[in-house]
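> mind looking at a prediction? Sequence and model below.
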Amino acid sequence: MASIIGKRYGNAVFELARDGGWIDTLETEVALVKDAFISDEMKNFLSHPNISMEEKLSAIENALNGKVRDELIGLFCLVVKKGRMTYLDDVFEEIEESVDKYNGKAKVYVKSAYELSELEKSNLAARIGELTGHVVVPIYEVDETLIGGLVIRIGDKVVDSSIKGHLSSMRRSLLDGKAV
């Protein structure tokens, strides 16, 4: 889940793309920016205190010029100027989620106690798609601590039907003195 700062920057980029009519190329351009910033060498360079801001900004412009829109270059220069490099992953995540939402897609994070079969995965994705009205992009993860059941996260909403979740809920109820 993206941080508040990541959401602000990500939303700004998405709104620029929506207003400018270039949402269809936004994902591709953001992927290029992501590739440029993801290397440890580039991250170290941009966060190094002995390298001047002018050199950092020049490196960004040289790496991205002609490959992505000036608006994206400007945004990522601003992120570096403000010293918010640690939020870049959140910015990328927010942009991807906004584009997916705009296109009627929803990322769904599913944790299960064991590896789901392909049939279970397709049935679950279809059912979630029916309930949400979105094209579902499921991301599966195995978490053996769940014991059984599923934990499903769609955006900010979490549905915990795991045995671990039920046991935790029972424990809280018993400690609070409430009947289950």
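Alright, I've got the coordinates. Numbers count the residues shown, from 1 in each chain.
> can you give me the strands for the chain?
Shown for the chain, the strands assigned by DSSP state E span residues 105-112, 135-142, 150-154, 157-160.
> nearest to Gly83, out of these?
For Gly83, the closest of these is strand 105-112, at 29.0 Å, according to Cβ to Cβ. In short, each C-beta sits where N, CA and C put it, glycine included.
> which residues sit against that closest one?
Here strand 105-112 makes contact (Cβ atoms under 8 Å, 6 or more residues apart in numbering) with 97, 100, 116, 124-125, 128, 132, 134-143, 146, 149-155, 162.
> find the nearest non-adjacent residue to Ile147, please.
Distances taken as Cβ to Cβ, 6 or more residues apart in numbering put Ile163 closest to Ile147, at 3.9 Å, once the chain neighbours are dropped.
> got it, and Leu16?
Closest residue to Leu16 apart from its sequence neighbours, by Cβ to Cβ, 6+ apart: Glu71 at 5.1 Å.
> now the one you found: how far from Val135?
In this structure, Glu71 lies at 27 Å from Val135, with Cβ to Cβ, to the nearest Å as the measure.
> so for those two, which residue has more residues nearby?
Under the neighbour definition other Cβ atoms under 10 Å, Glu71 and Val135 were set side by side, and Glu71 has more, 15 against 12.
> for Leu88, see how far away that one is.
Counting by Cβ to Cβ, the separation of Glu71 from Leu88 is 16 Å.
> need the contact list for the most centrally placed residue in the chain.
Nearest residue to the geometric centre of the chain (Cα atoms, centre = their mean): Glu93, 2.9 Å. By Cβ under 8 Å, 6+ apart, the contact list for Glu93 reads Ala2, Gly6, Gly10.
> cool, Glu115 as well?
For Glu115, the contacting residues are Val142, by Cβ under 8 Å, 6+ apart.
> and it, backbone torsions?
The phi/psi pair for Glu115 (degrees, to the nearest 10) reads phi -70, psi 120.
> okay if I get the strands of the chain as a markdown table plus mean pLDDT and distance to Glu61?
Output for those, formatted as a markdown table (pLDDT from 0 to 100; distance: least, Cβ to Cβ, whole Å):
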| stretch | mean pLDDT | distance to Glu61 |
| --- | --- | --- |
| strand 105-112 | 93 | 32 |
| strand 135-142 | 95 | 33 |
| strand 150-154 | 94 | 37 |
| strand 157-160 | 93 | 40 |
